[in-house]
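In: missing the sequence, but the structure's below:
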């Protein structure tokens with residue numbers, strides 16, 4: 001499992017590097033900052049954007065997973081100086097969340113019409129796995145409690 005996750009991470013990093021080389025990628029970085037920054041939320045957005053717009057990123061029955069299932073753990077692993085095993089664990093957990101939620105959406109009454117929009121839960125789970133428990137007073141930018149299902 002970890003070898004597959006490592007391959008997924010390497011593939012997404014290659015997509016991100018390709019995005020960085022594109023003239024619009026450089027404009028994105030000028031506007032939002034380099035993806036290797038200490039603010040993991042901002043970095044995750046930059047990683048996701050750079051890795052997806054040239055359509056070099058992965059595709060699964062669950063849509064383009066790595067935009068969230070690799071970008072978010074990568075950003076948090078860098079910001080928190082986590083090791084490779086922690087990064088890969090977060091990627092595996094995020095993939096599992098995305099797969100389960102998408103399978104539910106695909107098999108549900110909408111027949112997959114919302115399947116491409118299931119990356120937010122995977123993103124939040126990846127962040128929870130990579131960062132550990134937030135402080136009790138932690139709130140998301142919208143003011144809602146942390147989306148981590150286990151309180152992490």
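Out: In hand now; what should we look at? In this text, all values refer to a predicted model and were calculated from it rather than measured experimentally. Numbers count the residues shown, from 1 in each chain.
In: show me where this protein has helices.
Out: All helices of the chain, identified by DSSP state H, fall at 2-21, 23-32, 40-52, 66-69, 71-80, 84-107, 119-131.
In: which one of these lies closest to residue 58?
Out: Shortest distance between residue 58 and the helices of the chain, using C-beta to C-beta, is found for helix 66-69: 4.9 Å. For glycine as for every other residue, the C-beta is placed from the backbone atoms N, C-alpha and C.
In: distance check, the closest residue to residue 66 other than its chain neighbours against residue 39.
Out: Nearest residue to residue 66, sequence neighbours excluded (C-beta to C-beta, 6 or more residues apart in numbering): residue 12, at 4.0 Å. Using C-beta to C-beta, to the nearest Å, residue 12 is found at 20 Å from residue 39.
In: quick one: which of these two has more around it?
Out: residue 12 (27 against 12; other C-beta atoms under 10 Å).
In: my read is that that one contacts residue 56, right?
Out: No. Counting by C-beta atoms under 8 Å, residue 12 stays clear of residue 56, with 9.1 Å between them.
In: residues contacting the residue nearest to residue 66?
Out: 51, 57, 58, 66, 70, 71, 74 (C-beta atoms under 8 Å, 6 or more residues apart in numbering).
In: please apply the same query to residue 11.
Out: With C-beta under 8 Å, 6+ apart, residue 11 has these contacts: 57, 58, 66.
In: if we use 10 Å, what do you get?
Out: Residues near residue 11 by C-beta atoms under 10 Å, 6 or more residues apart in numbering: 51, 56, 57, 58, 66, 70.
In: same deal with residue 38?
Out: Residue 38 touches 75, 78, 79, 80, counting by C-beta under 10 Å, 6+ apart.
In: residue ranges in the protein under the pLDDT threshold?
Out: Counting by pLDDT under 70, the chain has low-confidence residues at 59-63, 108-152.
In: before we move on, back to that, so which of the helices of the chain is the most surrounded?
Out: Greatest average neighbour count among the helices of the chain goes to helix 66-69 (a mean of 28), per mean count of other C-beta atoms under 10 Å.
In: how near is residue 57 to residue 70?
Out: Distance check for residue 57 against residue 70: by C-beta to C-beta, it reads 9 Å.
In: I should have written residue 104 there, sorry.
Out: Separation of residue 104 from residue 70 (C-beta to C-beta): 22 Å.
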